[in-house]
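Engineer: 3D model of this:
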Amino acid sequence: MDDVAALAGLLRQSRRTVVFTGAGMSTESGIPDFRSPGGIWTKMMPVQFQDYISDPKARRISWQRRFEMEDTWNATLPNDGHRAVAELVAIGKVSHVITQNIDALHQAGGVPDDRVIELHGSTRYAKCLDCGLRVEIADIRAHFDANGDAPDCAACGGIVKTATISFGQPMPQDEMTRAEAATLACDLMLVLGSSLTVYPAASFPLLAKRNGAGLAILNRDETPQDPFADLVTNAEIGPTMRAIVQAL
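Structural biologist: Alright, predicted model coming up:
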């Protein structure tokens, strides 16, 4: 309870908080993380971006894996942590949510689209890598089941890929620019459920701290940025954030 009171105090004093979230934000919704023992990457290594571009077989493997996760994505719902963050946005305490997650649960939990900055994209839809046309997953699944591969872009014939950022793929410049602007404008960066080991995304909390903002980290495990934080709490995110919102 001391940590809840301390974090509530930081939020009470803040006029412009930015929330930064990682995989630990969504594990409480039943989405397995990637790097922990037993996580997704221990079972299936990700397809590299250049392999996806150059090798039709790699594209088939990538889509097969995406469809194997479909039931998981469809069954997941926002948890108390997502809803608590949405409440903080609604009352004007949080200006933006910068997320490493690809599940769109912040939006489902009530955060407006224009307040969410998805650094690693979204798995909820696909895009043409050439013209940017949005393609729905259900349409790709129907084509894949009938033909054994994903369709090319209907508009330009380009390669279609989930709207996620794969290894070796450049970070989305618009989102990086928005994230930097939000970070430099905040007076408190609240990290929720991130290991803070994946760069360049993990640079934003340090940027906020260097710019004079407070830094609070709520995560189940220690992170490399704990020594720089004003407050570190190792606890479950949903119950802790619910208690914090109630304490404001």
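Engineer: quick one: what helix or strand has Tyr52 in it?
Structural biologist: Assigned by DSSP states H and E, Tyr52 belongs to helix 49-54.
Engineer: need the CA coordinates for that helix. CSV is fine.
Structural biologist: Presented in CSV, the C-alpha positions along helix 49-54 are these (Å, rounded to 0.1, in the frame of the first residue of the first chain):
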residue,chain,number,x,y,z
PHE,A,49,11.8,-9.0,-42.2
GLN,A,50,14.3,-9.6,-45.1
ASP,A,51,13.4,-13.2,-45.2
TYR,A,52,9.7,-12.3,-45.3
ILE,A,53,10.4,-10.0,-48.2
SER,A,54,12.6,-12.3,-50.2
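Engineer: other SSEs contacting the helix or strand following that helix?
Structural biologist: Going down the chain from helix 49-54, the next helix or strand is helix 56-68, by DSSP H and E. Helix 56-68 is packed against helix 49-54, helix 137-147, strand 160-164, with contacts defined by 3 or more C-beta pairs under 8 Å, 6 or more residues apart in numbering; DSSP states H and E. Heads up, the C-betas are built off the backbone N, CA and C, glycines and all.
Engineer: distance-wise, check the residue positioned nearest the centre of the chain relative to Ser194.
Structural biologist: The residue lying closest to the centre of the chain (C-alpha atoms, centre = their mean) is Asn101, at 1.8 Å. The span separating Asn101 from Ser194 equals 9 Å under the rule C-beta to C-beta, to the nearest Å.
Engineer: just checking, what packs against the strand ranked longest in the chain?
Structural biologist: Looking across the chain with DSSP state E, the single longest strand is strand 121-128. If you count contacts as 3+ C-beta pairs under 8 Å, 6+ apart, strand 121-128 packs onto strand 134-136, helix 137-147, strand 160-164.
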